[in-house]
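A.B. asks: Coordinates only, no sequence provided:
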């Protein structure tokens, strides 16, 4: 694979390593678009495309009401709004009474990965301009939430940074689902997802040494089962790199559908989360994965899950009955009963809610 060189992006269709900047021409902007998804499931939902030049028309779409919250989904490498990942997430957010926008960057991501990475900067700049037009039409940045998967999580960072420059305002919330690590691991906060990009940034980490990124880049960072390999089998094979990477998405879907079920324990370091050694930390501090996350409790959190969807271990949120376990490719699943912490956790969760 060609080298990652982000400081001087390549010209359109030139290979990585070029000293010239990436350019998306005005003619090519027609390939940058938002899809509005209406009510329905992934098979029958209304799905309308608006190009870069049609934001005023989008604002008048029958399924857009800027009095409501708005969700923008940014897909990853080789992803598309026409694929089930985007449409299934859209269906869940629509049920939660959000406007739903799906960003189509497919023209710029269906190429060699380092090239796609380079194009995400100009993509971010132009998408920010699209959002700025929608702000003129009534979109409230305080009601705008962006979810990005993999490379999409880094792309939304470029969108948010450019949006700040154009409008002088912050997007309300960014949620990164296992943000891409390749080509980003050695970069500073100005070049990748960072907590300064929005009013609130939360990150779900499921494959930190593979396709993901180990460094905590949000206000709240969830290291799921330590952050590297996830429990569960796919076709009777271990859940390794790709399976673990995509788990961030299915886990977020589950957290939307089953709120308050994913209780995470705060850790002092990423290494402590990797080693699943956070339960003995005092004071015991918890947080919840999902829309009900406590934004005032920042830091690194270890989140234990079950092997299979819907993954949660909390069987009774009202009474905070749950178990945690450790898992890794080199050791069996080991369950630990943490109900002795129940009263302390209950007291903490009362402040969360």
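C.D. replies: On my side now, so go ahead. Everything quoted here is computed from the prediction, not taken from an experiment.
A.B. asks: Got phi/psi on the residue nearest to residue 267 when sequence neighbours are not counted?
C.D. replies: In space, and not counting its chain neighbours, residue 267 is closest to residue 278: 4.0 Å by C-beta to C-beta, 6 or more residues apart in numbering. C-beta: built from backbone N, CA, C; applies to glycine. With angles defined as degrees, to the nearest 10, residue 278 sits at phi -100, psi -10.
A.B. asks: now residue 102
C.D. replies: phi -120, psi 120.
A.B. asks: Please give me every residue in contact with it.
C.D. replies: Neighbouring residues of residue 102 by C-beta atoms under 8 Å, 6 or more residues apart in numbering: 34, 35, 37, 72, 73, 75, 81, 86, 87, 90.
A.B. asks: Most neighbours out of these, which is it?
C.D. replies: residue 73 (28 neighbours; other C-beta atoms under 10 Å).
A.B. asks: give the contact list for the residue nearest to residue 267.
C.D. replies: By C-beta under 8 Å, 6+ apart, the neighbours of residue 278 are 265, 266, 267, 268, 272, 301, 302.
A.B. asks: all strands in the stretch 51-200 of the chain, in order from the N-terminus.
C.D. replies: 70-74, 99-104, 144-149, 171-177, 198-205 (DSSP state E, counting those that start in this stretch).
A.B. asks: I'd say residue 250 and residue 308 touch.
C.D. replies: No - in this structure, residue 250 is not within contact of residue 308 by C-beta atoms under 8 Å, at 10.0 Å.
A.B. asks: Of the contacts of residue 102, just say which sits nearest to residue 105.
C.D. replies: residue 75 (7.1 Å; C-beta to C-beta).
A.B. asks: more neighbours, residue 250 and residue 308?
C.D. replies: The residue with more neighbours, out of residue 250 and residue 308, is residue 250; 19 against 9, by other C-beta under 10 Å.
A.B. asks: got a list of what the more buried one touches?
C.D. replies: Per C-beta under 8 Å, 6+ apart, neighbours of residue 250: 309, 311.
A.B. asks: Now it: which helix or strand?
C.D. replies: helix 241-257 (DSSP states H and E).
A.B. asks: now that helix against strand 171-177, angle please.
C.D. replies: Angle of helix 241-257 versus strand 171-177, following axes from the mean of the first three to the mean of the last three C-alpha atoms, to 10 degrees, is 140 degrees.
A.B. asks: can you give me the angle helix 241-257 makes with strand 144-149?
C.D. replies: 150 degrees.
A.B. asks: where does the stretch 201-350 of the chain dip in pLDDT?
C.D. replies: The model of the stretch 201-350 of the chain has pLDDT under 70 over residues 233-235, 314-350.
A.B. asks: Recalculate using a threshold of 90.
C.D. replies: Where the stretch 201-350 of the chain drops to pLDDT under 90, the residues are 231-240, 279-280, 307-308, 313-350.
A.B. asks: Just to check, residue 286 is in contact with residue 267?
C.D. replies: No - Residue 286 is beyond contact range of residue 267, at 11.4 Å (criterion: C-beta under 8 Å).
A.B. asks: between these two, what contacts are shared?
C.D. replies: Residues touching both residue 286 and residue 267 by C-beta under 8 Å, 6+ apart: residue 301.
A.B. asks: one step back: can I get the strands of the stretch 51-200 of the chain in JSON lines including distance to residue 26?
C.D. replies: As requested, the strands of the stretch 51-200 of the chain are arranged in JSON lines below (distance: least, C-beta to C-beta, whole Å):
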{"stretch": "strand 70-74", "distance to residue 26": "22"}
{"stretch": "strand 99-104", "distance to residue 26": "18"}
{"stretch": "strand 144-149", "distance to residue 26": "25"}
{"stretch": "strand 171-177", "distance to residue 26": "25"}
{"stretch": "strand 198-205", "distance to residue 26": "29"}
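A.B. asks: Among those strands, which comes closest to residue 292?
C.D. replies: Here strand 198-205 is closest among those (C-beta to C-beta), at 11.2 Å.
A.B. asks: so how far is the closest one from its chain's centroid?
C.D. replies: Chain-centre distance of strand 198-205: 8 Å, with C-alpha atoms, centre = their mean, to the nearest Å.
A.B. asks: Flag every buried residue along that strand.
C.D. replies: 198, 199, 200, 201, 202, 203, 204, 205 (16 or more other C-beta atoms under 10 Å).
A.B. asks: Note down every partner strand of that strand and its orientation.
C.D. replies: Paired strands of strand 198-205, with direction, are strand 171-177 (parallel), strand 220-224 (parallel) (DSSP bridges).
A.B. asks: I'd like the ones you listed as CSV, with mean neighbour count and distance to residue 62 appended.
C.D. replies: Below are the strands paired with strand 198-205 laid out as CSV (neighbours: other C-beta atoms under 10 Å; distance: least, C-beta to C-beta, whole Å):
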stretch, mean neighbour count, distance to residue 62
strand 171-177, 26, 24
strand 220-224, 27, 35
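A.B. asks: export these to CSV and tack on distance to residue 245?
C.D. replies: Formatted as CSV, the strands paired with strand 198-205 follow (distance: least, C-beta to C-beta, whole Å):
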stretch, distance to residue 245
strand 171-177, 9
strand 220-224, 11
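A.B. asks: Which of the ones you listed sits closest to residue 214?
C.D. replies: strand 220-224 (8.9 Å).
A.B. asks: now the closest one: how far from the chain's centre is it?
C.D. replies: 11 Å.
A.B. asks: what does it contact?
C.D. replies: Outside strand 220-224, the residues touching it (C-beta under 8 Å, 6+ apart) are 201-206, 208, 230, 247-248, 251, 264, 267, 270, 273-274, 287, 289, 293, 295, 297-303, 305.
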